[in-house]
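Colleague: Test case, fold it:
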Amino acid sequence: MPRPPSISPKDCPVLWVHYNSQSSQETEEDPTLTPLPVATDTPVPTATPAPTDTPSPTQTPEPPGFDAGMYKVGSDMPSGEYKLFCIDSFLSSAYYEVTKDSSGTLDSILANDNFGTFTYLTVQDGQYLKLERCRAVPISDALPYDAADGEYSEGTHKIGYDMPADEYKLFAADTLLGMAYFQVSSDSIGTLEGIVANDNFGTFSYMTVSDGQYLTLTRCSAKASSDVAPYALVDGRYTEGMYRVGVDIPPGEYRVQPEEDTSLGFGYYEVDVDSMHSINSIVANDNFEDARYVTVSEGQYLLLSNAFIEP
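Modeller: Next comes the predicted model:
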């Protein structure tokens, strides 16, 4: 019978004893084996929500009105006051014309005007209204003017409706189209008889308006005078413009000089008791080619045209 092979001590298996902290059971482990990682569940991807439709902006309905054309008042459209809106001032100014009949002659025209933004007009039964590049909306359906930052832009504003009765400071626009112009009217009939005050100016002016009047601004804007900072000297001078004494310029005596490069060849000054721009407001005025002295008091207004003051 053959002899069994001998076994070296190094060939004998070693028993490793592991004491578990949770129990006293013995386990046999191979130190050369790396434990397999524990399998984890793959997270289920989150579903992307379906996109929602962006709601379309609500269209503001256009107020009822009358488009370009010729209308017989009392038949085609009711009599009354309308607010007229220029359709496209970029191409050309709008135009309206009121006539007493349909003869088409110049003698039949009662009122007419060109405008670039909006204006007011009152028409009566039996008259004819021609609208070009504009639309007429009854005053009951027209919204008041919304003054951004308290500034009233070019157009005709109804006092007490579009803007409150107050004193305003008017600023000429920086334009090559011509001087700025304002007009105060007692009604919206559109005739010369309705004009209370008007003026052309190149820089700034003051104007006081009352409820029921209409203020037309052309190439200029207006802000309540209480919201405007006092005048600041330009190059150490009071230049062309209208000054409120005690606010823009101190009361006292001043030497007024004509501008050196004036095309008229003379300057003009005017002292007023208020900013109504009526004949009765004028205290003193003069056209001059040489320097003049003028004294102004608190609360008065000093108007300089083609002239300046060096204090």
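Colleague: Only C-alpha atoms from now on, for both contacts and neighbour counts.
Modeller: Noted.
Colleague: where's the closest residue to Arg219 other than its chain neighbours relative to Glu97, distance?
Modeller: Using CA to CA, 6 or more residues apart in numbering and skipping the chain neighbours, the partner closest in space to Arg219 is Ala180 (4.8 Å). Separation of Ala180 from Glu97 (CA to CA, to the nearest Å): 24 Å.
Colleague: which of those two has more neighbours?
Modeller: Ala180 (22 against 18; other CA atoms under 10 Å).
Colleague: distance of the more buried one from Cys220?
Modeller: Distance from Ala180 to Cys220, by CA to CA: 6 Å.
Colleague: Same check on Val98?
Modeller: Distance from Val98 to Cys220, by CA to CA: 27 Å.
Colleague: what does Ile249 give?
Modeller: For Ile249 relative to Cys220 (CA to CA), the value is 23 Å.
Colleague: repeat for Tyr95
Modeller: Taking CA to CA, one finds Tyr95 at 20 Å from Cys220.
Colleague: higher neighbour count, these two?
Modeller: Ranked by neighbour count (other CA under 10 Å), Tyr95 and Cys220 place Cys220 first, with 24 against 18.
Colleague: Excluding sequence neighbours, find me the nearest residue to that one.
Modeller: Ala172 (4.3 Å).
Colleague: Likewise for Tyr238?
Modeller: Ile309 (5.0 Å).
Colleague: Spit out the contact partners of the one you found.
Modeller: The contact partners of Ile309, taken as CA atoms under 8 Å, 6 or more residues apart in numbering, are Arg237, Tyr238, Thr239, Tyr254, Arg255, Val256, Gln257.
Colleague: Recalculate using a threshold of 6 Å.
Modeller: Ile309 makes contacts with Arg237, Tyr238, Val256, as judged by CA atoms under 6 Å, 6 or more residues apart in numbering.
Colleague: Just the closest of those to Lys130, please.
Modeller: Set against Lys130, the nearest of the contacts of Ile309 by CA to CA is Tyr238 (46.3 Å).
Colleague: Confirm for me that the closest one is in contact with Asn306.
Modeller: No. The criterion here is CA atoms under 6 Å, and Tyr238 misses it with Asn306 at 11.3 Å.
Colleague: Mind listing the residues bridging to the residue nearest to Ile87 when sequence neighbours are not counted?
Modeller: In this structure, Ile87 finds its nearest non-sequential neighbour in Cys134, 4.9 Å apart by CA to CA, 6+ apart. Here Cys134 sits in beta bridges with Cys86, as judged by DSSP bridges.
Colleague: pLDDT score assigned to Cys134?
Modeller: Looking at Cys134, its pLDDT is 97.
Colleague: Thought Phe85 was touching it, still the case?
Modeller: Yes. Counting by CA under 6 Å, Phe85 is a contact partner of Cys134 at 5.3 Å.
Colleague: Looking at these two, which is more packed in?
Modeller: Set Cys134 next to Phe85 and count neighbours by other CA under 10 Å: Cys134 wins out with 24 against 21.
Colleague: wait, doesn't Pro85 sit right on Arg135?
Modeller: That one is not Pro; residue 85 is Phe. Yes. At 5.3 Å, Phe85 counts as touching Arg135 under the criterion of CA under 6 Å.
Colleague: Tell me which residues touch the closest residue to Gly246 other than its chain neighbours, please.
Modeller: Nearest non-adjacent residue to Gly246, counting by CA to CA, 6+ apart: Glu298, 5.1 Å away. Contact analysis of Glu298 by CA under 6 Å, 6+ apart lists Val245, Gly246, Pro251.
Colleague: swap the cut-off to 8 Å and go again
Modeller: Val245, Gly246, Pro250, Pro251.
Colleague: Just give me the neighbour total for the closest residue to Ala307 other than its chain neighbours.
Modeller: Distances taken as CA to CA, 6+ apart place Pro258 nearest to Ala307, at 4.2 Å, with adjacent residues excluded. Neighbour count of Pro258, defined by other CA under 10 Å: 25.
Colleague: ok, so what distance separates Pro258 from Gly267?
Modeller: Counting by CA to CA, the gap from Pro258 to Gly267 is 4 Å.
Colleague: and if you look at Gly150?
Modeller: For Gly150, the distance to Gly267 - CA to CA - is 34 Å.
Colleague: And Leu177, by the same measure?
Modeller: From Leu177 to Gly267 the distance is 23 Å (CA to CA).
Colleague: Looking at these two now, which is surrounded by more residues?
Modeller: Between Leu177 and Gly267, counting by other CA under 10 Å, Gly267 is the more crowded of the two (25 against 8).
Colleague: In the sheet, which residues pair with that one? Tell me.
Modeller: Beta-bridge partners of Gly267, as defined by DSSP bridges: Phe288.
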